Each structure stands twice: as C-alpha cells, then as structure tokens.
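sequence isn't available, so here's the structure alone:
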C-alpha cells in the first residue's frame, strides 16, 4: 500500500444527516428508485407532495438504503429531494471525497460486514450506527480523487459492456420468442383449432388447500407456482411433506414426466414441463395437462402455452380486481391450433434446436456478466489497497469488454 494512508472511523469523516424535509416541492426517492450496483436513479425527477418522516438531501449526500431487499443500494444524487426514512443521507466531510465513499460502501467486503449488522427476520435492516464505527483506510484527498477518476473511467467502460451484454441477452431470447410466435401465428390451412381438453388425457387442478409441510428433506416434494418458469419446473427450492400427505394430495392423479404444468395465479400463465421421476405433487394455483400422445405432442403443447396466441386467451379469461387469476373451469376452455402429429414433431424439433442454441448463447453472455461484475470488485480491491493505476485498470477493462 502507498504511504500516507491512515485508518479512521467512518463516523469521524461522515455523518447521517437526518434533516427533515423543508416542505418545498421536491423529487421523492424511495428504495425502489435506486438501481443496484450503479448508483443511478430510476425514475423521473418530478416534484411530489411532501411525505411524512422523510429526510432532505442534496448533491452533497450519498444515499444509502438500509432495508432488505434494497439493502446496500446506494445513490449518488445530483439534485435536491427528500427520501424514505429507510434511506439514510450520508454526508461526508473533508478529508473524505463523496465518490470515494460511494465506491467504498459498494465494495463487497464492506457490503458483507454491513450485512452482519442486519437485524430482523422478515425484513432485515442494517444498523447504520454500526456502519459508522467501521474502520476506513483513507489516503489523502488528492489520492482519493486520483482513485475516483480511474474508477469512474473504468466503471463507465464496464457499465457500457454490461448494457451491451444485457441487450444481446435479451435479443437472444427475443429471437426464440419471435420464431415461436410466428409458428402459431402463421399456421397452415390444414391446422385445426380444438379445445385443449379434447386432445388431453387429463386436466387436473391442485387440491384447493395448502398441504401440511415438514422440515424435510423427504422424497415427497410440492411443486409451487414459484417453481414453474420459462418452460421448466425447477425443484431446487421446494417444500416437503410426509408420505401420507403425498398420497392424499395425489389421489386424483400422480404427476409424471412429460406433464405440462400451468400457473393460474401468482403469476398467471407461467408454464413448465415436469422432467423427473421424483415423487412430486401440485401445490395451489396449478393445473396439470397430460397430452393424449395419439393427438398431441406434449412439447408442442408446452410451446403452444408459451405463444402469444394462448397467452392472450389466458389473460382474456383472467378475473379478480387485485390479483389476476384464471378459474379452474376456464383452464379447460383454452384453444390450441394443431397440425398433424408428425408436423407437430417436426416443429418441436426445430424449436428445441433453436432453444438449445439460444441457451448456449445466453450461457456465454451470463458468464461475461459475471466476469464484468468480478472485475468491478477486483478494481475496488486494488483501489482500497493502494494498488490501482490507470494503465492497469484500462488494460483489464479492455480485455474484459473485448
């Protein structure tokens, strides 16, 4: 580490400014307005009515969210406003640079230490008073500004790379969805529109109450709406029951590999296919479709449910003033357009191949996003150990974004 760095308590160079709102019409910042990891404001800078128990802030502050799930979200405002009482305006004073504080408080070792101060089981809050007791290795103000300038330039390049990668990731998914929708939109003359129940051996809804659960793990797993996403049923996070409860909850039908599961609510319209021989059963707000193999390819049914054609039907059948849901009887009223069975298989093969390629591309992009996030933390580590130079930072960013 370079000379001239000294260890100080954060409270000696920073304070929580709890100045109450002045009553002027100013933009309001809630925890939902802070973008994680970037310090950017999400929303319009529009004046709003004064809210009670809010703190006033200005460009001299660093706004810190102390309530999970927004814990450790940090905003660098360039405007005056007032904020939620779960956001603390941190006011640095010389010799602490505002942006140096911003970068330090988003450095993972500091984030981890802040997490350790959190209390509360359901909505943990960071103890910001403990944060003020943290030790901070502080170089001279000139050195802070040099480090901040390097980080600003490097992070700008990284953020551009992240934005481009996320755009490419979205484009890959849109490519698949576009082709999928074109299949069901541009159906052939020989295709027939039928009710789903006419081409399924069974359509079974869940038992309309929550199964008694045990700590587990047991061999008997409950599939919930949260497990059904993007054509898959993920059993990594499930609830467990006893064998007796499993048999009671599967008395209508035992789920089997290849069943297509649709969520009726929370959220409505997600779909997945069961791809396991494990002993699972349906939790609430789920419907299982078992295709008649002589008439309907089950993966064709899966893709059909994901298409705009069937999604529009699902949402047209929605009811409920607060939480949208589809009634169980309506789950049998859905219509699907079908070609001959051999054509269904050909379409499924093309969609499967395209989906595999999209997943391969997505995997590459996600690895790049992980690498970019790791680079940010690597640069921060070097910054706060006195090892950061402009040349090294530029080289690392150029390699990462290539």
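Received it, and whenever you're ready, just let me know what you need. Everything quoted here is computed from the prediction, not taken from an experiment.

surely residue 295 meets residue 197?
No - here residue 295 lies out of contact with residue 197, judged by CB atoms under 8 Å, at a distance of 11.5 Å. For every residue, glycine as well, the C-beta is placed using N, CA and C.

the helices in the stretch 251-400 of the chain, which residues?
Here the stretch 251-400 of the chain has its helices, by DSSP state H, counting those that start in this stretch, at 298-306, 308-316, 341-383, 390-401.

just give the closest residue to residue 294, not the sequence neighbours.
In space, and not counting its chain neighbours, residue 294 is closest to residue 341: 7.5 Å by CB to CB, 6 or more residues apart in numbering.

over to residue 22?
residue 56 is the one closest to residue 22 (CB to CB, 6+ apart), at 5.8 Å.

cool, and residue 252?
residue 204 (5.3 Å).

which SS state does the one you found fall under?
When classified by DSSP: H, G, I helix; E, B strand; the rest coil, residue 204 comes out as strand.

state the distance from it to residue 136.
Separation of residue 204 from residue 136 (CB to CB, to the nearest Å) stands at 60 Å.

before we move on, back to that, can you name the residues that contact the residue nearest to residue 22?
19-22, 26, 80-82, 89 (CB atoms under 8 Å, 6 or more residues apart in numbering).

at 6 Å instead, please
19, 21-22, 82 (CB atoms under 6 Å, 6 or more residues apart in numbering).

where does the prediction get shaky in the stretch 101-250 of the chain?
Scanning the stretch 101-250 of the chain for pLDDT under 70 picks out nothing.

for it, what spans make up the strands?
For the stretch 101-250 of the chain, the strands defined by DSSP state E, counting those that start in this stretch occupy 135-138, 192-195, 200-205, 220-223, 228-229, 231-233, 239-240.

most tightly surrounded among the ones you listed?
Across the strands of the stretch 101-250 of the chain, averaging neighbours per residue (mean count of other CB atoms under 10 Å) puts strand 220-223 on top, at a mean of 24.

what pairs with that strand, parallel or antiparallel?
Next to strand 220-223 in the sheet, as set by DSSP bridges, lie strand 239-240 (antiparallel), strand 279-282 (parallel).

tabulate the ones you listed (CSV), appending distance to residue 349.
Output for those, formatted as CSV (distance: least, CB to CB, whole Å):
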stretch, distance to residue 349
strand 239-240, 36
strand 279-282, 27
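
who touches stretch 359-370?
Outside of stretch 359-370, the residues within contact range by CB under 6 Å, 6+ apart are 165, 168-169, 172.

just the residues you listed now: which is nearest residue 394?
residue 165 (19.4 Å; CB to CB).

and that closest one, how many neighbours?
Per other CB atoms under 10 Å, the neighbour tally for residue 165 reads 19.

so who does it touch?
365, 368-369.

buried ones only from those, please, as a ChimeraX command.
Selecting just the buried residues from these in ChimeraX takes one command, with 16 or more other CB atoms under 10 Å as the test:
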select :365,368
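
let me know the closest of the contacts of residue 165 to residue 35.
The shortest approach to residue 35 among the contacts of residue 165 belongs to residue 369, at 15.1 Å (CB to CB).
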